[in-house]
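**Q** after the sequence you'll find the predicted model.
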Amino acid sequence: MLSALRTQGWNQAQIARQLGRHKSTISRELRRNCSPWDGFYRPSRAVEQANGRRSQSRRNRHFTKRDLRRVIRLLEEDWSPEQIAGRLRRDRILSISHETIYRYIWHDKYCGGSLYTHLRCAQKQRRKRHNSYDSRGWLPGKRHISDRPASIERRNAIGHWEIDTVVGGGSKDCVVSLVERKTGYARIGKLKDRSMKEMRKRTTALIRQHPDRFKTITADNGTEFHEYAKIENSTGVTFYFATPYHSWERGSNENLNGLIRQYLPKRKSMDAITQHNCNVIAKKLNTRPRKRLGFRTPEECFYGV
């Protein structure tokens with residue numbers, strides 16, 4: 001009927017109304033199946049082309065054991081299905097969708113497997129902050145984030161970081177997390193507690209490992225950052241402070257903390273965590289491909305590889 005009506009000179013909108021279809025459906029059918037040589041729509045040819053596309057569909061594609069072993073190895077490195085699919089496609093190793101990987105994971109779980117344990121699941125608990133009293137103390141002379149150059153917000157250059165602490169439970173031990181805004185490169189340091197002195201010592205040590213790659217740091221308003229001026233004097237790095245309870249102003253750091261929680265769950269004591277453990281976690285995160293980096297890794301972007 002489509003072929004006959006088109007031969008009679010009906011336009012796509014008229015054909016769609018006659019066949020009870022949306023005009024976009026008619027347009028898509030003609031675009032896919034008209035002859036590239038004479039522009040005619042032939043039903044027999046349309047059926048052949050549709051069957052050909054269906055046979056090549058990813059739903060009908062069977063992946064080899066070697067392909068699956070490669071995917072499983074990356075899952076065991078705690079890469080997400082999207083990171084795996086994007087990186088394999090970028091390196092022209094394998095074309096597979098993240099939905100296919102998820103289906104394999106859930107099938108593996110159904111069969112008693114444990115691949116699902118490598119997926120990151122984070123449930124955020126939120127509480128209202130509107131008009132609430134800020135009990136963390138107030139420090140005069142802090143530079144507000146509104147004074148930060150606009151180029152930092154646009155992530156134009158490497159060297160601008162965000163900082164925060166990640167706490168556990170049952171002890172005072174915690175970690176400090178630093179993330180570079182442009183590349184997502186992370187540094188993690190072990191703290192005995194959230195004191196100003198401990199924060200100053202560890203942050204200064206982390207900065208001195210890459211002194212040429214630190215220009216500014218944006219922090220929240222926690223009291224552990226009240227010795228920021230001493231860090232500035234010893235390293236030359238400029239500190240800025242976000243608006244209280246505006247976590248989205250440090251979105252990169254909030255995202256990093258969520259990734260860290262895969263290895264350091266909430267309410268779990270961190271007293272057994274060492275700086276070596278922090279370095280291992282940071283290495284894992286820095287060698288995972290990121291979608292916003294075109295599935296390059298933060299490490300590759302940070303070092304210009």
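**A** Done, it's in.
**Q** contacts for the helix or strand Ser44 falls within next, please.
**A** Element membership for Ser44 (DSSP states H and E) is helix 43-55. Helix 43-55 is contacted by residues Leu2, Ser3, Glu29, Arg32, Asn33, Ser35, Asn60 when judged by Cβ atoms under 8 Å, 6 or more residues apart in numbering. Heads up, the C-betas are built off the backbone N, CA and C, glycines and all.
**Q** what segments of the stretch 101-250 of the chain are helices?
**A** Taking DSSP state H, counting those that start in this stretch, the helices of the stretch 101-250 of the chain run over residues 150-153, 196-209, 228-235.
**Q** tell me which residues in the first one are buried?
**A** For helix 150-153, the neighbour count (16 or more other Cβ atoms under 10 Å) marks Ile152 as buried.
**Q** contacting residues around it?
**A** For helix 150-153, using Cβ under 8 Å, 6+ apart, the contacting residues are Ala157, His160, Arg181, Thr216.
**Q** what's the burial count for the last one?
**A** Pointing back at Thr216 there. Here the number of neighbours of Thr216 (other Cβ atoms under 10 Å) works out to 17.
**Q** report the contact partners of it.
**A** Neighbours of Thr216 in contact, by Cβ under 8 Å, 6+ apart: Arg148, Ile152, Gly159, His160, Trp161, Val237, Thr238, Phe239, Tyr240.
**Q** still on that earlier bit, turn the contacts of helix 43-55 into CSV, including pLDDT, distance to Lys230 and secondary structure.
**A** As requested, these are arranged in CSV below (pLDDT from 0 to 100; distance: Cβ to Cβ, whole Å; DSSP: H, G, I helix; E, B strand; the rest coil):
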residue, pLDDT, distance to Lys230, secondary structure
Leu2, 92, 76, helix
Ser3, 91, 80, helix
Glu29, 92, 70, helix
Arg32, 89, 66, helix
Asn33, 89, 71, helix
Ser35, 84, 75, coil
Asn60, 50, 64, helix
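**Q** if we can go back for a sec, pLDDT added to the contacts of Thr216, as JSON lines?
**A** Putting the contacts of Thr216 into JSON lines (pLDDT from 0 to 100) gives the following:
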{"residue": "Arg148", "pLDDT": "94"}
{"residue": "Ile152", "pLDDT": "93"}
{"residue": "Gly159", "pLDDT": "96"}
{"residue": "His160", "pLDDT": "97"}
{"residue": "Trp161", "pLDDT": "97"}
{"residue": "Val237", "pLDDT": "96"}
{"residue": "Thr238", "pLDDT": "96"}
{"residue": "Phe239", "pLDDT": "96"}
{"residue": "Tyr240", "pLDDT": "95"}
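**Q** coming back round to it: from the contacts of helix 150-153, which is closest to Gly294?
**A** Arg181 (16.7 Å; Cβ to Cβ).
**Q** and that closest one, what does it touch?
**A** Arg181 neighbours (Cβ under 8 Å, 6+ apart): Ile152, Arg155, His160, Trp161, Glu162, Ser252.
**Q** need the residues you listed in TSV (columns: distance to Lys192).
**A** Formatted as TSV, the contacts of Arg181 follow (distance: Cβ to Cβ, whole Å):
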residue	distance to Lys192
Ile152	31
Arg155	33
His160	28
Trp161	22
Glu162	23
Ser252	26
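**Q** ok, and the most crowded of those?
**A** In these, the most neighbours by other Cβ under 10 Å go to Trp161, 28 neighbours.
**Q** residues contacting that one?
**A** By Cβ under 8 Å, 6+ apart, Trp161 lies in contact with Leu178, Val179, Glu180, Arg181, Phe214, Thr216, Ile217, Thr218.
**Q** what number of residues lie near the fifth one?
**A** Number of residues near Phe214 (other Cβ under 10 Å) recorded here: 23.
**Q** tell me how far Ile273 lies from Gly236.
**A** 30 Å (Cβ to Cβ, to the nearest Å).
**Q** of the two, who's got more company?
**A** Ile273 (21 against 11).
**Q** burial measure for the residue lying closest to that one once chain neighbours are set aside, as a count.
**A** Closest residue in space to Ile273, ignoring its immediate chain neighbours: Lys190 at 5.8 Å, by Cβ to Cβ, 6 or more residues apart in numbering. For Lys190, the neighbour count with other Cβ under 10 Å is 18.
**Q** my read: Lys190 touches Lys172, true?
**A** No - applying Cβ atoms under 8 Å, one finds Lys190 not in contact with Lys172, separated by 11.9 Å.
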